[in-house]
Structure formats: structure tokens, C-alpha cells
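J.: Generate a structure from the sequence data that follows.
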Amino acid sequence: MSAVTRRQFLAQGGALAATLVLPSSLPLPSGPPSLRKLIDIGPGGVIDPGSAQDYRVWSNRAYFAETRTGWIRMWADWPSLQPSRDFAIDDPRSPGYRSFVALDEQIHAARADGLRVMLLAYRHPSWANGSASAYRIPPEGYPLDGAWSQFFQWLLRRYAGTVDAFELLNEPNHQVQPQRGIASAVAQLMQTAQAVSARLGHPALLLAPSAADVRAVDSFTGELLDALDAVGYEPHAQQAWSHHNYSDVEARSTARLDAVRARLAGRWKGSSDVWVTEGGARLEKMRKLYPREDPLAAQAACLEAAWSSHNKAGVAMLAQYLLYADPNYDCGLLDPAPATVKRPAYATWSSFPLRA
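T.: Residues are numbered from 1 along each chain as shown. Down below sits the predicted model:
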């Protein structure tokens, strides 16, 4: 199945919206509040518009409705949106303009479909960090009114009132370089983001640090809390702690999440709930951890266990990374695109109740 063009998408938009059962129209669960459900659609919809990770194409909009998912996570990939410092992101002359249009249209399509949107500020263009690696910290760091600050302020100004939550970075304890001094760099970024948000009246939830659940994630949490104390950081009510939990989902556990929450207790003064903004169960891990189970059935069982174990006080969200499985990170609800085969995990995720 091929991706639709922008013209086809615009022409078909009204008909598609009319056929979807929008998440906002589904009945809310009775009894105690349940977890928010988020599907991370992936960075490809901005890095490579028209790809399988573009919300506008194929049946992606219908999949969100069918799975009763109330939140979508999109990636504002800075190198794609602003490859040249000579042009504003929304300047039609910019070489990144196609990516900007793709992001803009996807955000507004998701909102039209009743979804809440989380937008991740992702990576660095080479002109901002002087490096061929998009993951390297800029030499200037993250000062107020520096390059990253201006990028984040542009996102916040443009999408205030449309995007519900802004995630400030992705897995700094795993992706970002150099790792030495990473806690101090993240503390500066969080302080700058809060100052930018204050200028605009705190229009949306801010989420950080979105740490990878590697073995030492609780140690990183402690180091970051120390670094935040060192700069006198005082989180406002619209600032929450975010976390990634692949290892817990795959182990059918909450051990690493609980270790992080223990570090936060009594020290983190922002929102008391931890938001799990990325996670899933990879098939290669299923084969290693559960050799007597069918890998696809094991993946579904891991999601079922994760919903049960994470659905407790102090946890605000459970996230699923990708609709279509990435062959290099095989935890999607469907087989890799362009296949449309729904895995058992698709039905399991769909069975969880909606909470906006």
C-alpha cells in the first residue's frame, strides 16, 4: 500500500474523519481513573514525510481510533525542521519546510481526531552543535535565549493551545553525548525550558528527563536531582517527570520504575505522577526471556502485565512505541510496514480503557 500525497490527504480528510470512531466519543471507564494510553508514532513522519510513521498516511488515523488510544507522541526533529540557521522553521524557502508542513499537518489532524498530542523536541542540527552527530550537546550548552532555547520557544509559541505536553529531550542517559556531565546539562536544559514556558504563561505540561531504563537509571535520577538542586531549580505545577520502561514491560515488572520513584520521593516538587512516555516489548527479548512462549503471544502478555502493574497511584501514563514494528526495534502492534497484519498485542492494547 503506498502513501497518499498531501493533495490526496487533504481531499480525503473530510471523508476519513467522518468514518473514524474518535477517541473522545468512546465511553470513559467506570470506577477509579485508569492510565492514559499513548502510542509513539515515531520520528519518521517528520524526518521522512509520507513514511509509515506519518499520521496522515495509510490507516494510521483509524488505528488510533480502533485501539482506543487517547494520546499520540510526535517528534519535532530539529535537524529536519531547521537544517539551516539562515531560515526560520516556517519559512517556505527553508530546506526543511517540507518537514515543517508534515509536522504541522499531523498535529492538526490528530487534534481534529480528538487526540491529545505530546511533542518531543529531538536532536540538534549541525549548525547548532558543531558536530556531525545530532546527539551531541552544543558547546554553549542550553542557556536561556541560546539556540536550543529559541527552538523550544518557537515550538511552544506555535503550538500552545494545540499541543498538550512538550517533552524536552529523549533518553539523555543513553543517546546524548558526551555522557560525562550529562546530569548538569539536562538540569540546565530543564531550567531554560521552564523560563521559556514562564514567558508564555505555562501553556502546556512539560515532561523530562525521559530517561532510558538502563540498569543505572535510578543513579542517573539521583544525579539529576542533585544537579537541579545545584542550579536552584523549582519545578512549577505543569512540570512532570517522564520515564521509559522497555525493560520493565519485557520483564513483566515495575522494578526500575519503582527505583526511580523511590529516588524522586521527597525531592521532586513538580507533578507527583511519573509519565511513562515510551516503552514496549521487543520480539527478540521475548525469545530470550520466554523461550517456551510464542514470541507474539509473549509480547501481548507483557503488555497485559504492564497495564495491570502500572495502573496504580503515582503513574500517569503507559506508552507503546510504534504502530508498525521497526525491524531494528521490533515492538510494534503491527508487522513492519507496508504489512497491515495486526499482532496479538494490537487486540490487547485495544482492550485497555480510554482515558483522555
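J.: my guess is residue 137 meets residue 180, correct?
T.: No - using CB atoms under 8 Å, residue 137 is not in contact with residue 180; the gap is 10.4 Å. No exception for glycine: its C-beta is placed from N, CA and C like everyone else's.
J.: Name the residue in those two with the higher neighbour count.
T.: Legend: neighbour count by other CB atoms under 10 Å for residue 137 and residue 180, higher for residue 137 (22 against 8).
J.: How about the more buried one: what's its closest non-neighbour residue?
T.: Nearest residue to residue 137, sequence neighbours excluded (CB to CB, 6 or more residues apart in numbering): residue 185, at 5.2 Å.
J.: Likewise for residue 216?
T.: With sequence-adjacent residues excluded and distances taken as CB to CB, 6+ apart, residue 216 is closest to residue 173, at 7.5 Å.
J.: quick one: the helices in the protein?
T.: 6-19, 44-47, 60-66, 78-81, 97-112, 126-129, 147-159, 182-199, 217-230, 246-251, 255-264, 283-289, 295-310, 344-351 (DSSP state H).
J.: Make a markdown table out of those helices and add mean pLDDT and mean neighbour count.
T.: Converted to a markdown table, the helices of the chain look like this (pLDDT from 0 to 100; neighbours: other CB atoms under 10 Å):
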| stretch | mean pLDDT | mean neighbour count |
| --- | --- | --- |
| helix 6-19 | 35 | 12 |
| helix 44-47 | 98 | 22 |
| helix 60-66 | 98 | 20 |
| helix 78-81 | 98 | 24 |
| helix 97-112 | 98 | 19 |
| helix 126-129 | 98 | 18 |
| helix 147-159 | 98 | 19 |
| helix 182-199 | 98 | 20 |
| helix 217-230 | 97 | 19 |
| helix 246-251 | 98 | 23 |
| helix 255-264 | 97 | 19 |
| helix 283-289 | 98 | 16 |
| helix 295-310 | 98 | 21 |
| helix 344-351 | 98 | 18 |
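J.: Of the ones you listed, give the one that comes closest to residue 325.
T.: With CB to CB as the criterion, residue 325 lies closest to helix 283-289 of these, at 7.7 Å.
J.: So which elements touch the closest one?
T.: On a contact count with 3 or more CB pairs under 8 Å, 6 or more residues apart in numbering; DSSP states H and E, helix 283-289 meets helix 246-251, helix 295-310.
J.: so which of these gets nearest residue 36?
T.: helix 295-310 (10.7 Å).
J.: so who does the residue lying farthest from the centre of the chain touch?
T.: What lies farthest from the middle of the chain is residue 292; by CA atoms, centre = their mean that is 32.4 Å. By CB atoms under 8 Å, 6 or more residues apart in numbering, the contact set of residue 292 is empty.
J.: Which pLDDT does the model give it?
T.: Per-residue confidence (pLDDT) for residue 292: 98.
J.: gap between it and residue 280?
T.: Look at residue 292 and residue 280: by CB to CB, to the nearest Å, they are 21 Å apart.
J.: count of residues packed around the residue lying closest to residue 87 once chain neighbours are set aside?
T.: Once flanking residues are discounted, residue 87 sits nearest to residue 94: 3.6 Å by CB to CB, 6+ apart. Using other CB under 10 Å, residue 94 is surrounded by 18 other residues.
J.: And residue 94, how far from residue 334?
T.: Separation of residue 94 from residue 334 (CB to CB): 33 Å.
J.: now residue 205
T.: Distance from residue 205 to residue 334, by CB to CB: 29 Å.
J.: Tell me which of these two has more neighbours.
T.: More crowded of residue 205 and residue 334, by other CB under 10 Å: residue 205, with 22 against 19.
J.: so what pLDDT did that one get?
T.: For residue 205, the pLDDT comes out at 97.
J.: now do residue 275
T.: Note for residue 275: predicted pLDDT of 98.
J.: residues in contact with it?
T.: Contacts of residue 275 (CB under 8 Å, 6+ apart): 165, 207, 240, 241, 242, 243, 316, 317.
J.: Most neighbours among those, please name it.
T.: The most crowded member of the contacts of residue 275, judged by other CB under 10 Å, is residue 207 (29 neighbours).
J.: what's the burial count for residue 280?
T.: Neighbours of residue 280 (other CB under 10 Å): 28.
J.: where's it relative to residue 270, distance?
T.: In terms of CB to CB, residue 280 sits 26 Å off from residue 270.
J.: Distance check, the nearest residue to residue 195 once chain neighbours are set aside against residue 271.
T.: Nearest non-adjacent residue to residue 195, counting by CB to CB, 6+ apart: residue 144, 5.2 Å away. Using CB to CB, one gets 23 Å for the distance from residue 144 to residue 271.
J.: do residue 141 as well
T.: From residue 141 across to residue 271, the span is 26 Å (CB to CB).
J.: ok, now residue 343?
T.: Residue 343 is 33 Å from residue 271, by CB to CB.
J.: Equivalent analysis for residue 133, please.
T.: Between residue 133 and residue 271 the computed distance is 32 Å (CB to CB).
J.: Find the centremost residue of the chain, please.
T.: Geometric centre of the chain, nearest residue: residue 73, 4.2 Å, by CA atoms, centre = their mean.
J.: Enumerate every residue touching it.
T.: Residue 73 is in contact with 38, 39, 40, 41, 118, 119, 120, 167, 277, 278, 319, counting by CB under 8 Å, 6+ apart.
J.: Dump those residues into a markdown table; add neighbour count as well.
T.: Below are the contacts of residue 73 laid out as a markdown table (neighbours: other CB atoms under 10 Å):
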| residue | neighbour count |
| --- | --- |
| 38 | 25 |
| 39 | 24 |
| 40 | 23 |
| 41 | 25 |
| 118 | 26 |
| 119 | 24 |
| 120 | 24 |
| 167 | 25 |
| 277 | 26 |
| 278 | 23 |
| 319 | 26 |
